[in-house]
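Asks: Sequence unavailable; structure follows:
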């Protein structure tokens, strides 16, 4: 439940995860926040306009695609001071590549309260579309969400090469523009023939999904005309997904001989 600000009775600004694009994949709490909002500032470069179907007829909407940080914070703070309900709508889950910390820090400086409503990130919408499980018993138990270093750098210890060395399940965001470098790095750890999946605008009407090998990834992406707004998914779970056979190792959770607090 969202608590009112004791100082002036105004509700906090809500950072809301819009989900992967399908308007029905926003959380119920996020949907209700949009329905009640007086002002919605939405990341129009990534959030489909279809998600705004949940806003009320009187709500004002601002597309933040062309706005810089100060403009966004000024707009949120001004609306809050005017007693309006404000939603800052981010793609997927706002905690992942959402650049929300800098916005929250700026609001802290102004003593403006805020709360965060999580959302479904594209990696999980992709797994649903692929009908795959990232974590398979005795095969892989780790999922890495990362990106290539580009105009936005990443710490050296978190480079794609360093993370790929783990050979875990991996979902690579924001890296289609560097797909040749991605394929070269993945080849070193997973092998040239390792299968990978590319999911473009997953859950949206323009959704496109294909499997290929790491070696053929750049050419396949070029053939499909995908150079942005897509995830690359790689790791042993992808091979299992393609095989569609009974797994060699089953979960202990549902093993009839495995005892736990709910099953003797």
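Replies: That came in fine, so what should we check first? None of these values were measured; they are calculated from a predicted model.

Asks: Bridge partners for residue 90, pull those for me.
Replies: residue 17 (DSSP bridges).

Asks: distance of it from residue 54?
Replies: Distance of residue 90 to residue 54, computed by Cβ to Cβ, to the nearest Å: 15 Å. (Each C-beta comes from the backbone N, C-alpha and C, glycine too.)

Asks: need the helices for this structure, in chain order.
Replies: 28-36, 69-81, 100-109, 122-130, 160-164, 179-190, 217-224, 236-243 (DSSP state H).

Asks: Looking at residue 90 and residue 54, which is more packed in?
Replies: More crowded of residue 90 and residue 54, by other Cβ atoms under 10 Å: residue 90, with 27 against 23.

Asks: Return the per-residue confidence for that one.
Replies: If you check residue 90, the pLDDT there is 97.

Asks: need the contact list for it.
Replies: Neighbouring residues of residue 90 by Cβ atoms under 8 Å, 6 or more residues apart in numbering: 15, 16, 17, 18, 43, 47, 98, 100, 119.

Asks: With residue 221 instead?
Replies: 176, 179, 198, 227, 230.

Asks: For the third one, name its beta-bridge partners.
Replies: So that's residue 198. Applying DSSP bridges, one finds that residue 198 bridges with residue 210, residue 232.

Asks: Can you get me a residue count around it?
Replies: Neighbours of residue 198 using other Cβ under 10 Å come to 24.

Asks: dump the residue contacts of it.
Replies: Counting by Cβ under 8 Å, 6+ apart, the residues that residue 198 touches are 209-212, 217, 220-221, 224, 226, 230-233.

Asks: how close does it sit to residue 165?
Replies: 22 Å.

Asks: repeat for the last one
Replies: Using Cβ to Cβ, one gets 23 Å for the distance from residue 230 to residue 165.

Asks: With neighbour numbers in mind, choose between these two.
Replies: residue 230 (26 against 13).

Asks: And the pLDDT for the more buried one?
Replies: 97.

Asks: if we can go back for a sec, export the contacts of residue 198 to a markdown table and append columns for distance to residue 244.
Replies: Below are the contacts of residue 198 laid out as a markdown table (distance: Cβ to Cβ, whole Å):
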| residue | distance to residue 244 |
| --- | --- |
| 209 | 15 |
| 210 | 17 |
| 211 | 12 |
| 212 | 17 |
| 217 | 22 |
| 220 | 21 |
| 221 | 24 |
| 224 | 23 |
| 226 | 24 |
| 230 | 23 |
| 231 | 21 |
| 232 | 21 |
| 233 | 16 |
